[in-house]
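>>> Here you go, sequence then predicted model.
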Amino acid sequence: SGGTFVPAVVVGTGYGAAVSALRLGAAGVPTLMLEMGRLWNQPGPDGNVFSGMLKPDKRSSWFKTRTEAPLGSFMWLDLANRDIEPYAGVLDRVNFDQMSVYVGRGVGGGSLVNGGMAVTPRRSYFEEVLPQVDAEEMYSKYFPRANSTLRVNNIDKSWFEQTDWYSFARVSRRQASNAGLSTTFVPNVYDWDYMRREANGAVPKSALAAEVIYGNNHGKVSLDKSYLAAALGTGKVTIETLHEVRTIRQQNDGTYALTVEQRDADGKLLATKEVSCRHLFLGAGSLGSTELLLRARETGTLPNLSPEIGGGWGPNGNIMTARANHMWNPTGTKQSSIPALGIDDWDNPDTPVFAEIAPLPAGVETWASLYLAITKNPERGTFVYDAAKDRADLRWTRDQNAPAVAAAKSLFDRINKANATVYRYDLFGKQIKAFADDFCYHPLGGCVLGKATDNYGRVAGYKNLYVTDGSLVPGSIGVNPFVTITALAERNVERIIKQDVTDS
Ligand code: FDA
């Protein structure tokens, strides 16, 4: 039984997975990565790998018949979405009853679709969220390692001050400052130097052609160009794409056996395979890793898993909102899709908020200022296994986001008051709605560090089974999460390779 044997298997190819695979490969451990999405390196009929944001096609979405853009409407009209054929596209929106979660699908996971904002969390908040982790070691060793391997870089400030492409951000900065709020530049994995050359017309446009959530054709250093390229470069790592792990069980000799479904990009089942391994790393993301372990616990294939699996989930306090500017404050027909500034009010004792100033690259003047607010919301959700649907269901109610909405409202009420402006109510679907509280970009938790696992991501109840991704972080980190996920994975895998892998 057990099919093909490999010493180590990594499920997924997002941040936690990519770190684990690189370090395993560098330690000489033959490692197989299994990714349910496709490899994004072949141009489609239009000559591009990814379809753009303004005219999305089937490449944009994970098995949908219509795209489900976060800003689906304008003047309450559904202008952004398109009917498409179901396909293994790059962005998925997983719709639970009262919360929808956006995730990336493909080699690179979320790095293919995200805004690239690479933020190291405030140390005091990191210590509050993960008190059992040695913060000194994180901030002196693993955060720097993550930032340099991810190739995080900073915008040239003099260019920022004069380019049309960031006039939307300068307008928002001035209005924040009118309310006594300060902004900060946000580092990114998008190559800012490439963006300047886009502005000069020297290279094909990507950030300056409204590309981001359905993939960037140029400019962004996604994981396939950083960690995963390095992992493949060790010669020890292989990646199988369009391979979805369905079940995990432990065999008598302690090794793990996985059932894996291989499909084509149109969703047709090609094969059901068995793969077995000694060391199993789950990097399928907060939704994916939690679902795999819940299914294993509830169907009895890994019966000793902790009752903590499924707990401690949160959307990182994500709330999207937009303001309407006066006619004399246009936000510009030219907008880079990569954010460059954040409003930093995290030290506010009542309602801490870090709000990124987001672009709305519609190609026409909208007079809208858009924000993704990251707030501190103590509410947590729980994943439960739905046996009939054989999937994880999220117990999270809309009203659990009330503290997050209140915090965002308190910040943007101040900005509106100082500038005599109002909210936009037409951008988030058919309802009259100023705060998008029903979707998130930053799912965190489900297999929380020190609860469902030990302090290094070793899954409680099982040997040689690890969680490496955003599911370890208990629901909130106060900034965009991928740098934290990467650094934590670096810390954990270093210990695991030394203690569990190379000595066994
Ligand atoms: P991630 O989700 O990256 O990877 C999981 C991978 O596992 C995916 O490739 C998935 O297909 C695969 N998988 C899942 N289940 C599987 C199974 N059963 N078998 C095989 N494969 C499976 N963060 C940030 O710091 N800065 C930012 O600017 C943004 N912006 C942003 C925008 C948008 C639109 C989104 C959707 C997200 C962001 N984020 C972000 C969030 C960031 O992308 C996210 O936190 C990380 O990608 C999470 O990394 P993980 O390693 O946890 O999993």
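Structure received.
>>> what's the burial count for residue 197?
Taking other CB atoms under 10 Å as the criterion, the count of residues near residue 197 is 17. (C-beta placed from N, C-alpha, C; glycine too.)
>>> Tell me the predicted confidence for the spatially closest residue to residue 360 that is not a sequence neighbour.
In this structure, residue 360 finds its nearest non-sequential neighbour in residue 370, 4.6 Å apart by CB to CB, 6 or more residues apart in numbering. For residue 370, the model assigns a pLDDT of 96.
>>> What is the distance between the strand ranked longest in the chain and the centre of its chain?
Using DSSP state E to define each element, the chain has its longest strand at strand 269-282. In this view, strand 269-282 has its centroid 24 Å away from the chain centroid, taken as CA atoms, centre = their mean, to the nearest Å.
>>> Past it, which element shows up next along the chain?
Downstream of strand 269-282, the next assigned helix or strand under DSSP states H and E is helix 285-298.
>>> what's the angle from that next one to strand 269-282?
Helix 285-298 runs at 100 degrees relative to strand 269-282, counting by axes from the mean of the first three to the mean of the last three CA atoms, to 10 degrees.
>>> re the thing from before, next, the residue nearest to residue 360: phi, psi?
phi -110, psi 150 (degrees, to the nearest 10).
>>> Would you agree it is in contact with residue 320?
Yes: counting by CB atoms under 8 Å, residue 370 touches residue 320, with 7.2 Å between them.
>>> Next, show the common contact partners of these two.
Shared contacts of residue 370 and residue 320, defined by CB atoms under 8 Å, 6 or more residues apart in numbering, are found at 71, 358.
>>> now stretch 401-411: mean pLDDT?
According to the model, stretch 401-411 has a mean pLDDT of 98.
>>> what's in contact with it?
So stretch 401-411 is in contact with 181, 315, 317-319, 321, 343, 345, 348, 350-353, 355, 371, 373, 375-379, 435, 437-438, going by CB under 8 Å, 6+ apart.
>>> The same query, at a cut-off of 6 Å, please.
By CB atoms under 6 Å, 6 or more residues apart in numbering, the list of residues contacting stretch 401-411 from outside reads 317, 319, 321, 345, 351, 353, 373, 375, 377, 435, 437.
>>> from those residues, which two are the most distant?
Distance extremes for the contacts of stretch 401-411: the farthest pair is 345 and 437 at 18.8 Å, using CB to CB.
>>> any idea how far the ligand is from the nearest residue to residue 386 once chain neighbours are set aside?
Spatial nearest neighbour of residue 386, excluding adjacent residues (CB to CB, 6+ apart): residue 393 at 4.4 Å. Note on residue 393: its distance to the ligand, by CB to the nearest ligand atom, to the nearest Å, is 16 Å.
>>> Need phi/psi at residue 393.
Backbone phi and psi, for residue 393 under degrees, to the nearest 10, turn out to be phi -110, psi 150.
>>> so it bridges to which residues?
residue 384 (DSSP bridges).
>>> doesn't residue 385 make contact with it?
No: at 7.5 Å, residue 393 does not count as touching residue 385 under the criterion of CB atoms under 6 Å.
>>> For these two, indicate the residue with more neighbours.
It is residue 385, of residue 393 and residue 385, that has more neighbours when counted by other CB under 10 Å, with 20 against 16.
>>> quick one: contacts for the more buried one?
Here residue 385 is in contact with 294, 298 (CB under 6 Å, 6+ apart).
>>> Let's see that with 8 Å instead.
Contacts for residue 385 (CB under 8 Å, 6+ apart) come out as 294-295, 297-299, 310, 391-393.
>>> which one of those residues sits closest to residue 474?
Using CB to CB, these come closest to residue 474 at residue 310, 12.7 Å.
>>> Tell me how many other residues crowd the closest residue to the closest one other than its chain neighbours.
Distances taken as CB to CB, 6+ apart place residue 383 nearest to residue 310, at 4.0 Å, with adjacent residues excluded. Under the neighbour criterion other CB under 10 Å, residue 383 is assigned a count of 27.
>>> now swap in the one 4 residues further on and tell me
Neighbour count for residue 387, taken as other CB under 10 Å: 10.
>>> Surely it touches residue 297?
No: here residue 387 does not reach residue 297: they are 12.0 Å apart, not a contact under CB under 8 Å.
>>> Point out the residues in the protein that sit beside the ligand.
Neighbours of the ligand within the chain, by CB under 6 Å from any ligand atom: 11-17, 34-37, 102-105, 109-110, 113-117, 213, 244-245, 283-286, 288, 292, 441-442, 469-470, 480-482, 485.
>>> If any of those are buried, put those into a PyMOL selection.
To isolate the buried members of the residues of the chain next to the ligand in PyMOL, using 16 or more other CB atoms under 10 Å:
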select buried, resi 11+12+13+14+15+16+17+34+35+36+37+102+103+104+105+109+110+113+114+115+116+117+213+244+245+283+284+285+286+288+292+441+442+469+470+480+481+482+485
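>>> In helices, which of the residues of the chain next to the ligand appear?
Within the residues of the chain next to the ligand, residues falling in helices by DSSP state H are 15-17, 285-286, 288, 292, 482, 485.
>>> what two of these are the furthest from one another?
Farthest apart among these by CB to CB are 292 and 482. That separation is 20.7 Å.
>>> Where does the prediction get shaky in the stretch 401-504 of the chain?
Of all residues in the stretch 401-504 of the chain, those with pLDDT under 70 make up the ranges 503-504.
>>> can you rerun that using 50?
Applying pLDDT under 50 to the stretch 401-504 of the chain picks out no residues at all.
>>> contacting residues for residue 246?
Counting by CB under 8 Å, 6+ apart, residue 246 makes contact with 258-261.
>>> go again using 7 Å as the cut-off
With contacts defined as CB atoms under 7 Å, 6 or more residues apart in numbering, residue 246 is in contact with 259-261.
>>> Residue 176 and residue 412: what is the separation?
Counting by CB to CB, to the nearest Å, the gap from residue 176 to residue 412 is 10 Å.
>>> so where's the stretch 1-150 of the chain uncertain?
Within the stretch 1-150 of the chain, no range satisfies pLDDT under 50.
>>> The stretch 101-250 of the chain: helices as residue ranges?
All helices of the stretch 101-250 of the chain, identified by DSSP state H, counting those that start in this stretch, fall at 123-129, 135-137, 143-149, 157-162, 167-178, 192-199, 227-233.
>>> Compare those and give me the one nearest residue 25.
The nearest among the helices of the stretch 101-250 of the chain, by CB to CB, is helix 227-233 at 5.0 Å.
>>> Without its sequence neighbours, what residue ends up closest to the residue of the stretch 51-200 of the chain found nearest the ligand?
Residue of the stretch 51-200 of the chain nearest the ligand, by CB to the nearest ligand atom: residue 110 (2.0 Å). Spatial nearest neighbour of residue 110, excluding adjacent residues (CB to CB, 6+ apart): residue 104 at 4.1 Å.
>>> Show me where the stretch 51-200 of the chain has its strands.
91-95, 100-104, 183-185 (DSSP state E, counting those that start in this stretch).
>>> The first one vs helix 285-298, what angle?
Okay, so that is strand 91-95. Counting by the same axes, to 10 degrees, strand 91-95 points 50 degrees away from the direction of helix 285-298.
>>> export strand 91-95 as CSV, just CAs?
Provided in CSV are the C-alpha atoms of strand 91-95 (Å, rounded to 0.1, in the frame of the first residue of the first chain):
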residue,chain,number,x,y,z
LEU,A,91,-8.0,33.4,-7.7
ASP,A,92,-10.5,31.5,-5.6
ARG,A,93,-13.3,33.0,-3.5
VAL,A,94,-14.3,30.4,-0.9
ASN,A,95,-17.8,31.3,0.1
